[in-house]
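J.: Pasting the sequence and the predicted model now:
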Amino acid sequence: MKALLISCLTVAAAMAPRAKASDVKPSLEVQGLGSGGPRAFGRAGSSYIVLVDGTPRILLDAGPGAFVRIGELNIDLRRVDIVLLTHLHIDHSGDLATFFNARALTSDGPVKYRVFGPDGAGLFPKTSRFVDLLVGDNGLFGYQKTFGVRETFEVRDLAINLNTGITKIVDENGLVVDEIATHHGDCPSVAYRITYKGKSVVFSGDMDASAVANLVRLAKSADLLIFNCAVLDPPNSPSQLYELHTPPKKIGAAARESGVGHLLLSHIAPDVEESENDVRNSIHASYTGPVEFATDRMRIAVEYRPQGAHQP
Ligand SMILES: [Zn+2]
């Protein structure tokens, strides 16, 4: 009887489903919402959700169309209370109010957002004023703060001087966010690095080549670098765009210099989309790691992929 019981247990153990590698949740993941820029050609404006241990936690930019993608992908917003804005151009912030609207409706209790974005200059308000203009007491959508649940907005304006250095803005339960100032023409801008359980992803935001040294410092040895790629190498894009964006050759050099494990190109412009092979070759002139082009709904686990792993 005992022998029969042991043999039954052995059979049962052999038949029990084993945890497959694919069942193990990556500690840090990136979910694309929008991989485009200001042009309307099918891609949503720039926006990502960062997942920690499988749970959506951070909204990175809120370009137009993010709201629709959140619904299409059935993303659970209940714990997305951190918002990182790289800059305040419309193609990165147009859906911020709609995000607050949708997030509030997922909650039974008060919601406290922490919003980070650049300080103001010239035509661009600082991020705290931007949020106030949207959802403050006298803002465009002042009703939002009490729409469903009570919402509070803790907004931090980040330094925009290129000499400021790397600043840690979130450090809780192993989730760390660092940022550094970049440069995007006359629009104040910053880049972010998110780290959790030894994995790191860096978002360049929109930046011209004058800020590459800062980006390289922030991205040092990161597993994944998401670099916005909105122009072709000179002279193939309008010259004024090089005062706003970094061309592929310099993106490749930055990826190589920072030693990142994997490069994802986002904020794709129509001419970049049409010249994918040229862009890829330009980047591989210096960077030997894997290079991918973002799509709106793609989801990527943040993990190191050794350089030389790409298929030429
Ligand atoms: Zn943009």
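T.: Good, I have the coordinates.

J.: contacts, neighbours, all on C-alpha from now
T.: Fine.

J.: so A255 touches A285, yeah?
T.: No. The pair A255 / A285 is not scored as a contact, 11.3 Å apart, by Cα atoms under 8 Å.

J.: quick one: which of these two has more around it?
T.: A255 (31 against 13; other Cα atoms under 10 Å).

J.: From A269, how far out is the more buried one?
T.: Using Cα to Cα, to the nearest Å, A255 is found at 20 Å from A269.

J.: can you count the residues close to the nearest residue to R39 once chain neighbours are set aside?
T.: With sequence-adjacent residues excluded and distances taken as Cα to Cα, 6 or more residues apart in numbering, R39 is closest to A269, at 7.4 Å. When neighbours are defined as other Cα under 10 Å, A269 has 21 of them.

J.: Report the contact partners of A269.
T.: G36, G37, R39, C229, A230, V231 (Cα atoms under 8 Å, 6 or more residues apart in numbering).

J.: Which among these count as buried?
T.: Neighbour counting by 16 or more other Cα atoms under 10 Å classes G36, G37, C229, A230, V231 among these as buried.

J.: I'd like the next helix or strand past the helix or strand of the chain with the lowest mean pLDDT.
T.: For the chain, counting by mean pLDDT, DSSP states H and E, helix 2-15 ranks last in confidence among helices and strands (a mean of 47). Per DSSP states H and E, the first helix or strand lying C-terminal to helix 2-15 is strand 28-34.

J.: List the strands paired with that next one, with their directions.
T.: Its sheet considered, strand 28-34 pairs with strand 47-52 (antiparallel), strand 299-301 (antiparallel) by DSSP bridges.

J.: I'd like those as a markdown table, with mean neighbour count, distance to K25 and mean pLDDT appended.
T.: Formatted as a markdown table, those follow (neighbours: other Cα atoms under 10 Å; distance: least, Cα to Cα, whole Å; pLDDT from 0 to 100):
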| stretch | mean neighbour count | distance to K25 | mean pLDDT |
| --- | --- | --- | --- |
| strand 47-52 | 25 | 9 | 98 |
| strand 299-301 | 18 | 9 | 96 |
